[in-house]
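*Asks:* just need the structure, nothing else, for what follows:
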Amino acid sequence: MDRRYKYSTNIERAKRCGASTPPLNATSDQKNGISFIILTKDKPEFIVPLLSQLQSAFSEINSGDFNFECIIGDTGSTEKNVLSFYTANSHGELQIYRELPYHFSKNNNLLSKYARYSNLCFLNNDIFLKNPKETLLSLKAKVECVDDLEITGMQMNFPDGSNQHCGIFFSSSPQSWALPFHIASGENAVQNKTATFPPAVTGAFMLIRSKTFYELGGFDESYEAECQDIDLCLRVRRIGGKIQLMPSHEVIHHENGTRIKNEEHHRDRSYFLRKWQSYVEMHYLSGAHL
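*Replies:* Numbering: from 1, shown residues only. You can find the predicted model right below:
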């Protein structure tokens, strides 16, 4: 048999698309709930309010049947306010792992192994929740639905109220052909009344079933800083899973609040195109002229 067809099932083929990442192992005693995973470094004006919001919401809604926790991966903070917050709060539903060398994919994969709950929510450290309790309850309601949904993203706004994230599509511009971009970014915010189903969602706020994440090997560790979230969404699509964007005006994203504005990682983008350009052209850009 041709070696290309050795992997006969959808899940095996999707794993092979991320073959540079070894399989992850879920803990056998995972309980119902959501484990938030956040990478961060310094920026107390972002991370301290976000963690305080989450802690407060956890204390209100955690129960015996469904719980939330937060796993922090710190990549070298030296800011006094951040370190003092860690000292005062490194217990209970906050797990803090420090001195990690920065690598988005590797760090998130590592932290996912410490998760106690059946769903993972990857969250940027420059997110602000207008109503943390209601946002968490909406995520709880979503994961308790029994369907073939595998990844859920969240509609997000810039601080000025304009759209930051309404899902991901792929560029038909010759200068950025087949690369992902944020739909309607910077446009006047219009809250969707119902969920939408874009090709992908951003890893700045991405909820995925733990079992699916582990089976697919997590984020492809060949990516260092960009595109690993889109790669994961496309691998989920290859196994027939749905990608959903939840409507919200309750989530603010200070995009590039912790990265250099307009920073580009060309090696990651080249790798994404080598893996996915043909797939993207076939499924999303077939109406555009090559």
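*Asks:* quick one: list the elements packing against whichever strand or helix holds residue 36.
*Replies:* In this assignment (DSSP states H and E), residue 36 forms part of strand 31-40. With contacts defined as 3 or more CB pairs under 8 Å, 6 or more residues apart in numbering; DSSP states H and E, strand 31-40 has these neighbours: helix 44-61, strand 67-74, helix 104-112, strand 117-123, helix 132-143. (Glycine included, C-beta is placed from N, CA and C.)
*Asks:* wait, which of these is closest to residue 267?
*Replies:* Nearest to residue 267 among the helices and strands packed on strand 31-40 is helix 104-112 (12.9 Å), distances taken as CB to CB.
*Asks:* can you name every helix or strand that that closest one contacts?
*Replies:* Going by 3+ CB pairs under 8 Å, 6+ apart, helix 104-112 lies up against strand 31-40, strand 67-74, helix 210-215.
*Asks:* could I get the ones you listed as TSV with distance to residue 249, mean pLDDT and mean neighbour count?
*Replies:* Shown next, in TSV, are those (distance: least, CB to CB, whole Å; pLDDT from 0 to 100; neighbours: other CB atoms under 10 Å):
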stretch	distance to residue 249	mean pLDDT	mean neighbour count
strand 31-40	21	96	21
strand 67-74	22	97	22
helix 210-215	28	94	20
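*Asks:* residue 266 is nearest to which of the ones you listed?
*Replies:* So among those, strand 31-40 is nearest, using CB to CB, at 21.4 Å.
*Asks:* quick one: strands adjacent to that closest one?
*Replies:* Strand 31-40 sits in its sheet next to strand 67-74 (parallel), strand 117-123 (parallel), going by DSSP bridges.
*Asks:* centre of the chain to the longest one, how far?
*Replies:* Read that as strand 67-74. Strand 67-74 sits 14 Å away from the centroid of its parent chain (CA atoms, centre = their mean, to the nearest Å).
*Asks:* mind listing what's buried in stretch 194-214?
*Replies:* 196, 198-210, 212-214 (16 or more other CB atoms under 10 Å).
*Asks:* and that stretch, how far apart are its ends?
*Replies:* 29 Å (CA to CA, to the nearest Å).
*Asks:* quick one, phi/psi of the residue positioned nearest the centre of the chain?
*Replies:* Most central in the chain under CA atoms, centre = their mean is residue 203, positioned 2.6 Å from the mean C-alpha point. Phi and psi for residue 203, reported as degrees, to the nearest 10, are phi -70, psi 0.
*Asks:* and what about the nearest residue to it once chain neighbours are set aside, helix, strand or coil?
*Replies:* Take residue 203 and drop its neighbours on the chain: the residue closest to it by CB to CB, 6 or more residues apart in numbering is residue 229, 3.0 Å away. At residue 229 the chain is in helix, as set by DSSP: H, G, I helix; E, B strand; the rest coil.
*Asks:* got the contact list for residue 251?
*Replies:* 127-130, 135, 154-157, 205 (CB atoms under 8 Å, 6 or more residues apart in numbering).
*Asks:* quick check: residue 57 touching residue 68?
*Replies:* Yes. Residue 57 is within contact range of residue 68, at 7.4 Å (criterion: CB atoms under 8 Å).
*Asks:* anything in contact with each of these two?
*Replies:* Common neighbours of residue 57 and residue 68 (CB under 8 Å, 6+ apart) are residue 136.
*Asks:* hmm, back to that, buried subset of the contacts of residue 251?
*Replies:* 127-129, 135, 154-157, 205.
*Asks:* before we move on, the earlier item: looking at the helices and strands packed on helix 104-112, which is nearest to residue 49?
*Replies:* Comparing the helices and strands packed on helix 104-112 by CB to CB, strand 31-40 comes nearest, at 12.1 Å.
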